[in-house]
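Participant: the sequence isn't on hand, but the structure is:
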């Protein structure tokens, strides 16, 4: 083999390796861009669902409230056992709604939403206030999962008060 031919072969191999590496990096970059876009879309969808859910809660709309939970979801409400079925979740929210005097406003807001790089799991945090005078105010954490139909539903939900615990009865 001539010295020139060996250089051409090494050069060809080196060029092919560089092209392969460049293609791999380009594919990874495109995949990262798709994942980033998928996360942004998921975060916007969760924020929109969460805002609508807060309105349902504020309106004490029991059926609408329960509709935001996926099958198999859990609700960890304060001073209540874990609700593991839709019926238990419905019963817990029914008790919460019944404990709030009629006409007392409920407000809330989503403060943070994050979606995993996988694009199928996310969480939302926020705050709530039951006003006039403040009966309760606190925060919540929800874990959301993208459903097979593309919608997002809560798979875990918890909330708790920022207010001091009541003094024990004497």
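Facilitator: All right, it came through fine. Every value quoted in this text rests on a predicted model; they were computed, and no experiment measured them.
Participant: from here on, contacts and neighbour counts on C-alpha atoms
Facilitator: Noted.
Participant: quick one: the strands in this protein?
Facilitator: 69-76, 106-115, 121-130, 136-146, 152-161 (DSSP state E).
Participant: okay, the most centrally placed residue in the chain and residue 144: tell me how far apart.
Facilitator: In the chain, the centroid-proximal residue (C-alpha atoms, centre = their mean) is residue 123; its distance is 2.6 Å. To residue 144, residue 123 is 6 Å away according to C-alpha to C-alpha, to the nearest Å.
Participant: neighbours of residue 42, how many?
Facilitator: Residue 42 has 26 neighbours, counted by other C-alpha atoms under 10 Å.
Participant: kindly apply the preceding question to residue 37 instead.
Facilitator: Quick note: residue 37 (other C-alpha under 10 Å) scores 14 neighbours.
Participant: with residue 45 instead?
Facilitator: 17.
Participant: same question, the one 4 residues further on
Facilitator: Counted with other C-alpha under 10 Å, residues neighbouring residue 49 total 17.
Participant: against residue 142, how distant is it?
Facilitator: Separation of residue 49 from residue 142 (C-alpha to C-alpha): 11 Å.
Participant: which stretches of the protein have low pLDDT?
Facilitator: Counting by pLDDT under 70, the ranges of the chain that qualify are 1-32.
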